[in-house]
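A.B. asks: Next come a sequence and a model predicted from it.
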Amino acid sequence: MEDRTETQLSWPCPYLVYTFLPGTSIGEAYDRVSPAEKLRLADEMGHVVRKLHTLTLPEDGPLRREWAPFRAFIENQTATCLMRLTEWQALPPHLLAQVESYLPSWSDLIDESHPPCFLHGDLTRDHLLGE
């Protein structure tokens, strides 16, 4: 088992495990959906996502209402990015040499004057189901 630093352990990258839901994705039926219906669905999903974003995060737990654990996770990802890309042989040497100059700082990514919120990071037309 690899050694894990306290920084790595402080943000457990929580995720949801769910079961398959029956239905047809809008991606499968997109060419059969009228433009008016597409607009109606986009409007409805906008309201759903807005409600998700306004849910109050808990005071404690893995999804608590503070930036520190996520900031530590991002800082660790940034600090180990070059090492991981080198290990994976993901880029040729001339590009690897440039990677660190492209990595933004935490403060460039997140405005801490706003509280963290729930986000749906994978909302695609293949994940919107219906009948």
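C.D. replies: Received it, and whenever you're ready, just let me know what you need.
A.B. asks: Assign residue 60 to helix, strand or coil.
C.D. replies: coil (DSSP: H, G, I helix; E, B strand; the rest coil).
A.B. asks: How many residues are close by residue 77?
C.D. replies: 14 (other Cβ atoms under 10 Å). The C-beta positions use only the backbone N, C-alpha and C, and glycine is treated the same way.
A.B. asks: in which helix or strand would I find it?
C.D. replies: Following DSSP states H and E, one finds residue 77 within helix 68-88.
A.B. asks: For the protein, which segments count as helices?
C.D. replies: 6-10, 26-29, 35-54, 68-88, 93-96, 99-102, 106-109 (DSSP state H).
A.B. asks: Looking at the ones you listed, which is nearest to residue 118?
C.D. replies: Comparing these against residue 118 with Cβ to Cβ, the closest turns out to be helix 35-54 (5.1 Å).
A.B. asks: for the closest one, packing partners?
C.D. replies: The contact analysis (3 or more Cβ pairs under 8 Å, 6 or more residues apart in numbering; DSSP states H and E) places helix 35-54 against no helix or strand.
A.B. asks: List the contacts of that helix.
C.D. replies: Outside helix 35-54, the residues within contact range by Cβ atoms under 8 Å, 6 or more residues apart in numbering are 26, 30, 33, 117-120, 123, 128.
A.B. asks: Tell me where the model's unsure across the protein.
C.D. replies: 1-18 (pLDDT under 70).
A.B. asks: Could you tell me which residues within the helix holding residue 77 count as buried?
C.D. replies: If you call a residue buried by 16 or more other Cβ atoms under 10 Å, then helix 68-88 has these buried ones: 69-74, 76.
A.B. asks: if we can go back for a sec, output the contacts of helix 35-54 as TSV; include the columns distance to residue 101 and neighbour count.
C.D. replies: Shown next, in TSV, are the contacts of helix 35-54 (distance: Cβ to Cβ, whole Å; neighbours: other Cβ atoms under 10 Å):
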residue	distance to residue 101	neighbour count
26	40	20
30	40	12
33	44	14
117	31	12
118	33	13
119	28	10
120	32	12
123	32	13
128	38	17
